[in-house]
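Enquirer: Got a predicted structure plus its sequence, pasted below:
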Amino acid sequence: MRIWRRLLSSVNLLVTLACLFALFILVNYTASRRYARVDCTKTKRSVLSDKTVSVLKGLTEPVSVVVFYQPMKDEKHAEPLYPLITDLVREYERFTDQLTVEFVDPFQDLARAQQLAQQFEIAQVNLVIVHAGTRHKYLSDTDLVEYDYSSMSFGAAPRVRAFKGEDALTSAILGVTQATSPLIWVTTGHGEKDLESQEAAGIAGLKKALEQQNLSVQAVTLAEHVTVPVEVKVVVIAGPTRRFSESEVTLLGAFLDQGGRVLVLTDPLMDTGLEALLQRWGVVLSQDIVVDPRAQLQFISAANLLIATYTEHPIVAKMKTLLTMFPLARSVRPADPAPQDMTITPLAMTSPDGWGETHTSSETFQLDDQDTKGPVPVAVAVERERPTETRLVVIGDSEFVMNAQLANAGNKDFLLGAVFWLTQQEHLIGIGPKTLESVKLHLTSRQTTGIFWFSFLGLPSACGLLGALMWWVRRT
């Protein structure tokens, strides 16, 4: 009888252990597939934007992301970007089954590293490779972060100022999954900003920003064309300083009449020849300079605008916490009355204390009866649904997209938002770089000593006393 009891007891123990082991496996399997992640960082570094979530949920083909990175910079120091990238791609995996992520250490997994080098023709490490089918894109550190180079003059390495990995990775996914790229024309021949120039006044940064969003950008001279080809989705006019000819204005007018999309960036006091065309589409360009003392930077002219007031239009609806910096802007107003069948919406405006200064030759700005009282709009969007769906955005400044200005505040977000709306890709609006904040805990010598003794003696002593108490309770 005792033998049977012992046998049953042993079997019961084995079954219990087997059930516990199976439960352990089941819980871990479920946790690996169904889990919740909480971002406790101050800047919500790993929280994905609505744009990214929309892109991920809309994937219809498999996409692979290979993190081809060395986790350690050397024996003592970790690669600072590696944990940022790891957290980001893990968050991407949560929203789609079409995305697979692979981590490859180029110095540990030599066979796989060599295979990737041959497959994608890469000759460097520390890259993120995004590929789908036969298409692929690479993301290097300069694509993933913004560096602050101010410390390099003192011999120090550049500091990582902001992490823009989400913008870069989502753009790369779009680039390898979209069969065609919308074509953007940027006009030349009228003193516009130079699309290829890397100088401060050039707009090569604008071109790169558009191409990163899977948009094809081409500089064109309108005078060489009779019509705008159907494959052109948007015509961008960036800061002309000379007039467009009548034939060019007619060409742009026909493009708009046929459902075209145009983005006009025009500066104060410039006669562009487009005024009558824009007036026909319900947009009035004023001969003034917009100033706003309330939003003035210290030691900077009031004409350097900091815009923080936006409407609910899709272009700017997600910019409530961002400033847009316009170095020198003119007011852009909806026509009154507005043309029929058109919806004309101001996008950004000054505070009520701002105004449109008409005495532009004066060295000082003073509000008078001839000036336009605030709030003064500096950008408007026009939409006409019938007979063709036409969209037009007019912004009273072109300098805010120059290489020297594009990275400031929300400038890039404003510009990309306008382009996305013009190309009917509103779901892509809403990603910006996330500032990396360094949190330092400053302790006095007494506090440091207290923490040391508490961790060295306090915690072990507390555990020992608790164990002794439990032993004494069980003994008595």
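Expert: Yep, that arrived. Numbering: from 1, shown residues only.
Enquirer: Go through stretch 63-80 and flag the buried ones.
Expert: Using 16 or more other CB atoms under 10 Å as the test for burial, stretch 63-80 gives 63, 65-70, 79. C-beta here means a position set from N, CA and C on the backbone, and glycine is covered the same way.
Enquirer: what sits up against that stretch?
Expert: The contact list for stretch 63-80 (CB atoms under 8 Å, 6 or more residues apart in numbering) reads 81-82, 85-86, 89, 92, 98-107, 113, 116, 122, 125-132, 160, 169, 173, 176-177.
Enquirer: Need the CA coordinates for that stretch. PDB is fine.
Expert: In PDB, the C-alpha atoms belonging to stretch 63-80 read as follows (Å, rounded to 0.1, in the frame of the first residue of the first chain):
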ATOM      1  CA  VAL A  63       9.000  44.000 -45.800                       C
ATOM      2  CA  SER A  64      12.300  43.100 -44.200                       C
ATOM      3  CA  VAL A  65      14.400  45.400 -41.900                       C
ATOM      4  CA  VAL A  66      17.900  44.300 -41.300                       C
ATOM      5  CA  VAL A  67      19.700  46.100 -38.400                       C
ATOM      6  CA  PHE A  68      23.300  45.700 -39.600                       C
ATOM      7  CA  TYR A  69      24.900  47.200 -36.500                       C
ATOM      8  CA  GLN A  70      27.700  46.600 -34.100                       C
ATOM      9  CA  PRO A  71      26.100  46.800 -30.600                       C
ATOM     10  CA  MET A  72      29.400  47.800 -29.000                       C
ATOM     11  CA  LYS A  73      31.500  50.700 -30.200                       C
ATOM     12  CA  ASP A  74      34.600  49.200 -28.500                       C
ATOM     13  CA  GLU A  75      35.200  46.900 -25.500                       C
ATOM     14  CA  LYS A  76      34.000  49.400 -23.000                       C
ATOM     15  CA  HIS A  77      31.500  51.700 -24.800                       C
ATOM     16  CA  ALA A  78      28.100  50.700 -26.400                       C
ATOM     17  CA  GLU A  79      27.100  52.100 -29.700                       C
ATOM     18  CA  PRO A  80      24.700  54.900 -28.700                       C
END
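Enquirer: Would you state the strands of the stretch 101-250 of the chain in chain order?
Expert: 127-132, 135-139, 145-148, 159-163, 183-187, 216-220, 232-238 (DSSP state E, counting those that start in this stretch).
Enquirer: which other residues reach stretch 274-286?
Expert: 237, 240, 244, 249, 252-253, 256, 264, 266, 330-335, 338-339, 342, 344, 356, 358, 372, 380, 382, 392, 394, 396.
Enquirer: Give me the buried positions along it.
Expert: 274-275, 277-278, 281-286.
Enquirer: Please state the mean pLDDT value computed over it.
Expert: Averaged across stretch 274-286, the pLDDT comes to 96.
Enquirer: List the buried residues in stretch 95-113.
Expert: Buried, per 16+ other CB under 10 Å, within stretch 95-113: 95-96, 98-99, 101, 104-106, 113.
Enquirer: Stretch 126-143 too?
Expert: For stretch 126-143, by 16+ other CB under 10 Å, it's 126-132, 136-139, 141, 143.
Enquirer: Check stretch 343-356 too.
Expert: 344-351, 353-356.
Enquirer: Tabulate these (CSV), appending secondary structure, pLDDT and distance to Thr324.
Expert: Output for the buried residues of stretch 343-356, formatted as CSV (DSSP: H, G, I helix; E, B strand; the rest coil; pLDDT from 0 to 100; distance: CB to CB, whole Å):
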residue, secondary structure, pLDDT, distance to Thr324
Ile344, strand, 95, 20
Thr345, strand, 96, 16
Pro346, strand, 96, 13
Leu347, strand, 96, 10
Ala348, strand, 95, 6
Met349, strand, 94, 11
Thr350, coil, 92, 11
Ser351, coil, 91, 13
Asp353, coil, 89, 17
Gly354, coil, 90, 14
Trp355, strand, 89, 18
Gly356, strand, 91, 17
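Enquirer: tell me which of those residues is nearest to Leu26?
Expert: Leu347 (53.6 Å; CB to CB).
Enquirer: Show the contacting residues for that closest one.
Expert: By CB under 8 Å, 6+ apart, the neighbours of Leu347 are 310-311, 313, 315-316, 377, 379-381, 393, 395.
Enquirer: any idea how far Glu383 is from Gly189?
Expert: Applying CB to CB, to the nearest Å, the value for Glu383 to Gly189 is 28 Å.
Enquirer: tell me what the helix ranked longest in the chain is packed against?
Expert: If you go by DSSP state H, the chain has its longest helix at helix 2-33. Applying 3 or more CB pairs under 8 Å, 6 or more residues apart in numbering; DSSP states H and E, we find helix 2-33 packed against no helix or strand.
Enquirer: thinking again about what came up before, among the buried residues of stretch 343-356, list the two that are farthest apart in space.
Expert: Using CB to CB, the pair of the buried residues of stretch 343-356 lying farthest apart is Ile344 and Asp353, separated by 24.5 Å.
Enquirer: re the thing from before, save the buried residues of stretch 126-143 as TSV, and put in distance to Pro293 too.
Expert: As requested, the buried residues of stretch 126-143 are arranged in TSV below (distance: CB to CB, whole Å):
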residue	distance to Pro293
Asn126	47
Leu127	48
Val128	45
Ile129	50
Val130	47
His131	52
Ala132	52
His136	51
Lys137	46
Tyr138	47
Leu139	43
Asp141	41
Asp143	39
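Enquirer: quick check, nearest of the residues you listed to Thr324?
Expert: Minimum distance to Thr324 across those is 23.6 Å, recorded for Asp143 (CB to CB).
Enquirer: Grab the nearest non-local neighbour of the closest one.
Expert: Ala168 (4.6 Å; CB to CB, 6 or more residues apart in numbering).
Enquirer: repeat for Gln212
Expert: Gln212's closest residue in space is Ser171 (CB to CB, 6+ apart), at 4.6 Å.
Enquirer: Checking my notes, Pro352 in a strand, right?
Expert: No - under DSSP: H, G, I helix; E, B strand; the rest coil, Pro352 falls outside any strand and is assigned coil.
Enquirer: and it, what does it touch?
Expert: Each residue near Pro352 by CB under 8 Å, 6+ apart is listed here: 374-375.
Enquirer: Over to Val55?
Expert: Taking CB under 8 Å, 6+ apart as the test, what Val55 contacts is 170, 173-174, 427-428.
Enquirer: What values do phi and psi take at it?
Expert: Main-chain torsions, Val55, degrees, to the nearest 10: phi -60, psi -40.
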